[in-house]
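Novice: Sequence plus the predicted model coming up.
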Amino acid sequence: MTTSSHPMQSITELHPSHGATPTEAQERQIDGTLSLVRAEMIRAFKLHGPMRTMHEAYGVIAEEFEEFFDEVKANNRELAKLELVQVAAMAARAIVDC
């Protein structure tokens, strides 16, 4: 694997594209989802400040994942999706903060 300044290049090299292209509607859903994740990242940062360690990030992500799983077990699809936004936001914060 080559060394790169882009942190996700190595992941891309490990998982090459299989030729699928999202539809315009899917691209809009992706954009909307990423907007929600970004807003949650900013809200959480303002509320809690940066994550200080990967161990802290693990704890926060695990907590959010447990909340997601609780909603799955309760069959609350929409609330489960909201929890996934928080899981994604906390994972992205770990990438940025740690």
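Specialist: Thanks, I have the structure now. As the structure is a computational prediction, the values presented were derived from the model and not from experiment.

Novice: which other residues reach stretch 82-98?
Specialist: The contact list for stretch 82-98, computed with Cβ atoms under 8 Å, 6 or more residues apart in numbering, reads 7, 33, 36-38, 40-41, 44-45, 50-54, 57, 60-61, 64-65, 67-68, 70-71. Glycine gets a C-beta too; all of them are placed from N, C-alpha and C.

Novice: Tell me which of those fall in helices.
Specialist: Using DSSP state H, 33, 36-38, 40-41, 44-45, 54, 57, 60-61, 64-65, 67-68, 70-71 are the members of the contacts of stretch 82-98 that sit in helices.

Novice: Which among the contacts of stretch 82-98 count as buried?
Specialist: The neighbour-count criterion (16 or more other Cβ atoms under 10 Å) marks 36-37, 40-41, 44, 51, 57, 60-61, 64-65, 67-68, 71 among those as buried.

Novice: what's the closest of those to His18?
Specialist: The closest of those to His18 turns out to be Val37 (Cβ to Cβ; 23.9 Å).

Novice: Give me the pLDDT for the closest one.
Specialist: Among the per-residue scores, Val37 holds a pLDDT of 98.

Novice: circling back to that earlier point, pull the most distant pair out of the buried ones among the contacts of stretch 82-98.
Specialist: Taking every pair in the buried ones among the contacts of stretch 82-98 and measuring Cβ to Cβ, the maximum separation is 23.3 Å, between Met51 and Glu71.

Novice: Take the buried ones among the contacts of stretch 82-98 and lay them out in JSON lines including distance to Val96.
Specialist: Shown next, in JSON lines, are the buried ones among the contacts of stretch 82-98 (distance: Cβ to Cβ, whole Å):
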{"residue": "Leu36", "distance to Val96": "16"}
{"residue": "Val37", "distance to Val96": "12"}
{"residue": "Glu40", "distance to Val96": "13"}
{"residue": "Met41", "distance to Val96": "8"}
{"residue": "Ala44", "distance to Val96": "11"}
{"residue": "Met51", "distance to Val96": "9"}
{"residue": "Ala57", "distance to Val96": "10"}
{"residue": "Val60", "distance to Val96": "13"}
{"residue": "Ile61", "distance to Val96": "13"}
{"residue": "Glu64", "distance to Val96": "16"}
{"residue": "Phe65", "distance to Val96": "19"}
{"residue": "Glu67", "distance to Val96": "21"}
{"residue": "Phe68", "distance to Val96": "21"}
{"residue": "Glu71", "distance to Val96": "26"}
